[in-house]
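**Q** need a structure here:
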Amino acid sequence: MEHNPDIYLLYEYMDKIPLTFRIKVCLDDSIDVDALKEAAAEAIERFPYFRVQVGVDGEGNYTLNPNDRPIVVMPEEDRRIVLGSEETNKHLFAITYRDDTIWFNCSHSICGGYGFFFWIKSVLYQYMIKKYGSIEPPADIKLPGSEIEAVETFFPNVNDLPKDEPIVRYNGGDTNIAIGRMLKFLLSPFKKDNYYYEIEIPTDKFIDYCVSNDGSPYTVLSAMMYKSLTKVFKEKEGTFISGRIAADYRDDIGASGSYRDFVRFIHVKYEWSMKDESIEKLNLRARGALVSQNQPELSCERFVRLDKVHKGIDAQPNLKQKKKYAKKNSTFRSDPRDVFTISYVGKMDFGGMEKHIKSIYSITDGDLFLEVNALKKCFYINYQLINKDREPLDRFLEFLTEKNIPYKVSDMKTRYLPKIELP
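**A** As a prediction, the model looks like this:
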């Protein structure tokens with residue numbers, strides 16, 4: 001029996017690692033609540049694959065069933081909302097707002113950031129034309145009433161992918177140097193919240209620095225994190241500091257344009273002996289890792305692994321066993337253990353809407369994790385931490401200051417990632 005591929009991450013749900021995310025959009029004026037509710041209702045009609053609720057079939061498989069109840073738009077509070085519950089009309093999407101800011105909340109099971117922005121852009125566009133009149137739309141806008149193209153919902157068949165061997169395999173490995181921070185959070189019944197800081201850097205200044213060091217935003221941020229963390233963790237024989245860079249691999253598996261989440265991680269291993277190297281040399285190391293690991297053959301291998309896990313979940317006799325199997329065989333949990341993560345999707349196109357957007361931040365799971373969004377005027381970097389220890393952030397900011405890169409940083413904020421209520 002074929003199951004909806006959007007269900008499988010739901011089996012891995014945990015309260016402290018909920019596999020949900022939020023996009024925080026700050027606008028240049030206070031939110032018109034009535035216009036936002038109208039915009040959300042109009043936009044969701046364009047995305048029937050997001051307009052669903054979770055069920056369970058007779059064999060214990062999660063299902064995603066049509067949900068015609070309205071998308072909830074409600075005030076932002078200092079708490080975690082519950083997706084899939086009555087407060088969100090059973091939807092796995094919801095919108096909250098406060099003052100001049102909108103939070104878009106979502107289960108990561110249905111989509112990643114790429115697909116989530118389909119809906120976000122549509123909502124914001126419907127909202128802004130109500131409030132401001134005619135606005136130039138971004139090139140990739142999906143407007144209510146427009147046709148859903150086949151590429152948008154495409155999910156590959158594993159049997160159609162080539163099975164060629166990659167030219168080379170990158171030699172990385174696990175490092176446990178930061179695992180204690182995460183375990184303290186996961187195992188303590190008293191630690192429930194995790195935190196982040198918003199960093200704003202002018203795009204022209206940051207790109208100039210990247211170019212002057214023969215790097216890209218990916219490689220420069222990776223080098224910056226490595227440099228700063230050598231001042232946070234103690235050097236110990238046999239350890240190293242490694243990072244991972246999120247890489248979208250949908251093009252490699254023929255799923256260009258799909259709303260679904262196809263992300264794997266590029267592993268970058270830095271030895272302690274590299275801590276005095278220049279940013280330019282560290283860039284070269286990261287670029288080498290990117291080149292060797294961004295092979296289409298490795299993307300196909302990743303999808304084959306994913307397909308095997310899905311089939312393994314399907315084969316379990318009941319929901320309890322399916323959840324147990326999913327957590328034990330998770331593709332992400334079997335990746336090399338790294339100290340930090342960089343997630344950056346490139347400069348975003350919001351068309352004429354951008355002039356009304358003051359900032360945009362992605363909020364996800366993870367420790368020592370940079371979520372990076374870029375508009376024409378600024379890079380918006382969310383520095384995520386599992387606890388209240390500011391030292392990693394402060395060492396990172398010291399590096400920016402040392403390199404004369406201007407920035408603004410917020411006070412500590414709580415993530416309030418949504419929970420999910422599952423049947």
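**Q** the closest residue to Glu391 other than its chain neighbours in helix, strand or coil?
**A** Distances taken as CB to CB, 6 or more residues apart in numbering put Val232 closest to Glu391, at 5.5 Å, once the chain neighbours are dropped. From N, CA and C alone the C-beta is placed, and that goes for glycine too. Secondary structure assignment for Val232 (DSSP: H, G, I helix; E, B strand; the rest coil): coil.
**Q** look up phi and psi at Pro75.
**A** Torsion angles at Pro75 (phi, psi; degrees, to the nearest 10) stand at phi -60, psi 140.
**Q** state the helix or strand in which Tyr170 lies.
**A** For Tyr170, there is no host helix or strand (DSSP states H and E).
**Q** helices along the stretch 301-423 of the chain, start to end?
**A** Counting by DSSP state H, counting those that start in this stretch, one finds helices in the stretch 301-423 of the chain at the ranges 319-328, 391-402.
**Q** tell me which of those sits nearest to Phe350.
**A** helix 391-402 (25.6 Å; CB to CB).
**Q** who are the packing partners of the closest one?
**A** When contacts are defined as 3 or more CB pairs under 8 Å, 6 or more residues apart in numbering; DSSP states H and E, helix 391-402 packs onto strand 195-202, helix 217-229, strand 378-385.
**Q** and if we set it to 10 Å?
**A** strand 195-202, helix 203-212, helix 217-229, strand 378-385, strand 408-409 (3 or more CB pairs under 10 Å, 6 or more residues apart in numbering; DSSP states H and E).
**Q** quick one on the thing from earlier: ok, the residue nearest to Glu391 - contacts?
**A** 177-178, 241, 339, 368, 389, 391-396 (CB atoms under 10 Å, 6 or more residues apart in numbering).
**Q** what about the helices in the stretch 151-300 of the chain?
**A** Using DSSP H, counting those that start in this stretch, helices in the stretch 151-300 of the chain cover 179-187, 203-212, 217-229, 279-293, 296-315.
**Q** select only the buried ones of the contacts of Val232 in PyMOL?
**A** Buried residues among the contacts of Val232 (16 or more other CB atoms under 10 Å), as a PyMOL selection:
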select buried, resi 177+178+241+339+368+392+393+395+396
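**Q** check the contacts of Val232 and tell me the two furthest apart.
**A** Most distant of these, by CB to CB, are Ile177 and Asp394, 18.7 Å apart.
**Q** where does pLDDT dip in this structure?
**A** Applying pLDDT under 70 to the chain flags residues 1.
**Q** domain map for it?
**A** Here the domain parsing of the chain from automatic domain parsing is 5-152, 167-413.
**Q** indicate which one of those is closest to Leu422.
**A** domain 5-152 (5.9 Å).
**Q** what is the end-to-end distance of the closest one?
**A** 14 Å (CA to CA, to the nearest Å).
**Q** how far out from the middle of the chain is it?
**A** Put simply, domain 5-152 sits 15 Å off its chain's centre (CA atoms, centre = their mean, to the nearest Å).
**Q** now the helices of the stretch 151-300 of the chain as CSV including distance to Glu38 and mean neighbour count?
**A** Shown next, in CSV, are the helices of the stretch 151-300 of the chain (distance: least, CB to CB, whole Å; neighbours: other CB atoms under 10 Å):
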stretch, distance to Glu38, mean neighbour count
helix 179-187, 40, 13
helix 203-212, 33, 15
helix 217-229, 36, 24
helix 279-293, 44, 18
helix 296-315, 38, 17
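**Q** which strand residues bridge Ala246?
**A** As for beta bridges, Ala246 partners with Phe265 under DSSP bridges.
**Q** and it, how many neighbours?
**A** Close neighbours of Ala246, defined as other CB atoms under 10 Å, add up to 20.
**Q** do you know how far it is from Arg264?
**A** Distance of Ala246 to Arg264, computed by CB to CB, to the nearest Å: 8 Å.
**Q** please identify which of the helices and strands packed on helix 391-402 is closest to Gly113.
**A** strand 378-385 (12.0 Å).
**Q** so what strands line up beside that closest one?
**A** Paired strands of strand 378-385, with direction, are strand 195-202 (antiparallel), strand 369-374 (antiparallel) (DSSP bridges).
**Q** out of the ones you listed, deepest packed?
**A** The highest average neighbour count among the strands paired with strand 378-385, using mean count of other CB atoms under 10 Å, belongs to strand 369-374 at a mean of 23.
**Q** so it versus helix 391-402, what angle?
**A** Here strand 369-374 points in a direction 40 degrees away from that of helix 391-402 (axes from the mean of the first three to the mean of the last three CA atoms, to 10 degrees).
**Q** between helix 217-229 and strand 369-374, find me the angle.
**A** Computed by the same axes, to 10 degrees, the angle between strand 369-374 and helix 217-229 is 140 degrees.
**Q** could you dump the helices and strands packed on helix 391-402 to a markdown table with distance to Arg415?
**A** Putting these into a markdown table (distance: least, CB to CB, whole Å) gives the following:
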| stretch | distance to Arg415 |
| --- | --- |
| strand 195-202 | 6 |
| helix 203-212 | 24 |
| helix 217-229 | 19 |
| strand 378-385 | 7 |
| strand 408-409 | 16 |
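**Q** circling back: Asp204 is nearest to which of the helices of the stretch 301-423 of the chain?
**A** Checked against CB to CB, the stretch from the helices of the stretch 301-423 of the chain lying closest is helix 391-402, at 15.0 Å.
**Q** pull the CA atoms of the closest one into CSV?
**A** What follows is helix 391-402 as a C-alpha-only set of coordinates in CSV (Å, rounded to 0.1, in the frame of the first residue of the first chain):
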residue,chain,number,x,y,z
GLU,A,391,29.6,32.4,25.5
PRO,A,392,29.3,30.8,22.0
LEU,A,393,27.4,33.8,20.7
ASP,A,394,29.8,36.3,22.3
ARG,A,395,32.8,34.7,20.7
PHE,A,396,31.0,34.8,17.4
LEU,A,397,30.2,38.5,17.8
GLU,A,398,33.8,39.2,18.8
PHE,A,399,34.9,37.7,15.5
LEU,A,400,32.5,40.0,13.6
THR,A,401,33.9,43.0,15.5
GLU,A,402,37.5,41.9,14.9
